[in-house]
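A.B. asks: Structure here, sequence nowhere to be found:
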């Protein structure tokens, strides 16, 4: 008999208390080992329309709902007795009449009771817009919509359609939202055989377990279901054979990191003797990747041993030490101080911020070694033009900065990567066969050249995951010019699994609908859909700091007084300068917190707190973005230091990206606050409230 878990079970498990979860996990493990064990007391759910639904008593009032046939044993749901029974009584497990995919279908009995969101105001006189009124039942069936719900969807208005979509199997919900947005979804695949569980759509919601270890691992992390269940489009990109470097892009929450992880696993299985690296640009993000990979494949499995997870800076230190010995990295603040000293001595008219930017993104990034090379170096992303004399002055300043670094025996990361790249080219050594890079939008020039060099063993040695809308550390650069040509092999994910429709649609306002990178790759951000609904984000302008502190404290008390655990809440501010306001709100709410640094993980029982820059890679049920005043987001110091309109445009762009990153860490609830006058970016998001 096949033993499967449904995503509905994993979602419901995550809503129980810690002790209840432990008991349920033990019950499910016992169930897999011996379904006929006398200690497992099965009770048929008599009122269920589907006769194959049974309940199992886990403990006290907790009931596990299972669906069993001769061939399959499916664990569907868990909750307290009455809620668990009510769930089963209103559902059935069946194969879709057209696609053949196995679905858990909610029985449509009281459609007129579908609630409308309380937060949405609808004018009584407004005509009822039915987005799907021109569609037929047959059309909706072809997209995997359950037969019972087709006519209801056709008659629904925009708000009702959102509610209906939340009740449907994922492929049907995605299709309806696409159709309502004026797009034509792909026709659902059909099962060639009789087993509906083998259908690609079914495989994203039902997972087959063949041994106790795999099941125990899956039960351990109920919120991490995306590491087990892949959407068919994600699986295609993760397992595809490419003819050159490839990239998967997508808005926040669309599963790019998931695809990167599964890409590493797919390559490890395809090439048993290959050395595989899963990497990213920061140590904090690499730590998170390591944790997620352990959840996906286990810490001691053969796959885990063959997939190395580490950050690019960490890898750089190791390879550099092997070739040249250890080095001391020249960090940004040190270089800024040197630049200030050099400018004072030289009397040059350049601003410190301009010289720093020119050094970081041109002279050091490209490792320019002569004035002639400086005249020819690509300046993509650098909006300020420099005349011949200005370049000569800038070149002298750059040389003086290098001299001081050499005297201190400190080298920049770009220099370290260049020297390693040169050494690898001379030796022909390649430490890895395949490299999968997450958060690739923030890779620097030297890092990309390094990756292009060591990723030359196979046509598909390089795979990148990233989103230009989340670029906050680097300026745009031509990948093709650096030896990484992804044209024709760049794919986009469109289904958002992490963030509710209401939060995602509001955050998307911060970014342009379409953008083009230096290589001509066009990113169309329209068409992204979320697979679940929630409450609209709150955007609140406060009269003063005390009012803002009180608003944030009140929200924290409400969330933590409900079913949120402290570690399921994250609070972000633009910089450390806003931490005093943040801490005051936490103290007023009486909650403990952890200020994130290297690991980007909060310990159990504490609210996570950090700057927006450290929000990358994180997710929380509830997120608060605080202190979004007009002179904080965008940061006034950066605006003042802008040397011309080109630099100002780049600053505004990255500041918008920062707020977007912070806001899209939220799964269910988002609060953005600021003191009057509030950030223009928040006003762009349609500020509806004032306190």
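C.D. replies: Received, thanks. These figures come from a predicted structure and were not determined experimentally.
A.B. asks: all strands of the stretch 201-350 of the chain, in order?
C.D. replies: With DSSP state E, counting those that start in this stretch as the criterion, the stretch 201-350 of the chain has strands at 206-209, 246-250, 276-279, 307-309, 328-329.
A.B. asks: Now tabulate the ones you listed in CSV and tack on distance to residue 199, mean pLDDT and mean neighbour count.
C.D. replies: Using the backbone N, CA and C atoms, a C-beta is placed for each residue, glycine as well. CSV is the format used below for these (distance: least, C-beta to C-beta, whole Å; pLDDT from 0 to 100; neighbours: other C-beta atoms under 10 Å):
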stretch, distance to residue 199, mean pLDDT, mean neighbour count
strand 206-209, 10, 86, 21
strand 246-250, 23, 94, 24
strand 276-279, 30, 97, 24
strand 307-309, 29, 95, 21
strand 328-329, 51, 95, 13
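A.B. asks: Could you export those as CSV, including distance to residue 43?
C.D. replies: Formatted as CSV, the strands of the stretch 201-350 of the chain follow (distance: least, C-beta to C-beta, whole Å):
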stretch, distance to residue 43
strand 206-209, 23
strand 246-250, 44
strand 276-279, 45
strand 307-309, 44
strand 328-329, 63
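A.B. asks: closest to residue 482 out of those strands?
C.D. replies: Ranking these by their distance to residue 482 (criterion: C-beta to C-beta) puts strand 246-250 first, at 13.6 Å.
A.B. asks: neighbouring contacts of the closest one?
C.D. replies: 237, 240, 256, 259-260, 440, 460, 462-468, 486, 489-494, 523, 528 (C-beta atoms under 8 Å, 6 or more residues apart in numbering).
A.B. asks: quick revisit: nearest to residue 220, out of the strands of the stretch 201-350 of the chain?
C.D. replies: Comparing the strands of the stretch 201-350 of the chain by C-beta to C-beta, strand 206-209 comes nearest, at 13.0 Å.
A.B. asks: Nearest residue to the middle of this protein?
C.D. replies: The chain has residue 253 as the residue nearest its centroid, 3.9 Å off, counting by C-alpha atoms, centre = their mean.
A.B. asks: Of the contacts of strand 246-250, which belong to strands?
C.D. replies: Judged by DSSP state E, strands contain the following of the contacts of strand 246-250: 462, 463, 464, 465, 466, 490, 491, 492, 493, 523.
A.B. asks: which one of those residues sits closest to residue 102?
C.D. replies: Nearest member of the ones in strands among the contacts of strand 246-250 to residue 102, counting by C-beta to C-beta, is residue 493, at 24.2 Å.
A.B. asks: quick one: the nearest residue to the closest one once chain neighbours are set aside and residue 498, what's the gap?
C.D. replies: Setting aside the residues directly before and after it, residue 493 is nearest to residue 250 in space (C-beta to C-beta, 6 or more residues apart in numbering), at 3.3 Å. Going from residue 250 to residue 498 by C-beta to C-beta, to the nearest Å gives 11 Å.
A.B. asks: Over to residue 242?
C.D. replies: 26 Å.
A.B. asks: now do residue 589
C.D. replies: 25 Å.
A.B. asks: For the residue nearest to residue 489 when sequence neighbours are not counted, name its beta-bridge partners.
C.D. replies: Nearest residue to residue 489 in three dimensions, chain neighbours excluded: residue 246, at 4.1 Å (C-beta to C-beta, 6+ apart). Taking DSSP bridges as the rule, residue 246 bridges to residue 463.
A.B. asks: Relative to residue 176, how far out is residue 246?
C.D. replies: 31 Å.
A.B. asks: now swap in residue 506 and tell me
C.D. replies: 21 Å.
A.B. asks: Between these two, which is the more surrounded one?
C.D. replies: Remark: of residue 506 and residue 176, residue 176 carries more neighbours, 28 against 21, as counted by other C-beta atoms under 10 Å.
A.B. asks: so that one sits in a strand?
C.D. replies: No. Under DSSP: H, G, I helix; E, B strand; the rest coil, residue 176 falls outside any strand and is assigned helix.
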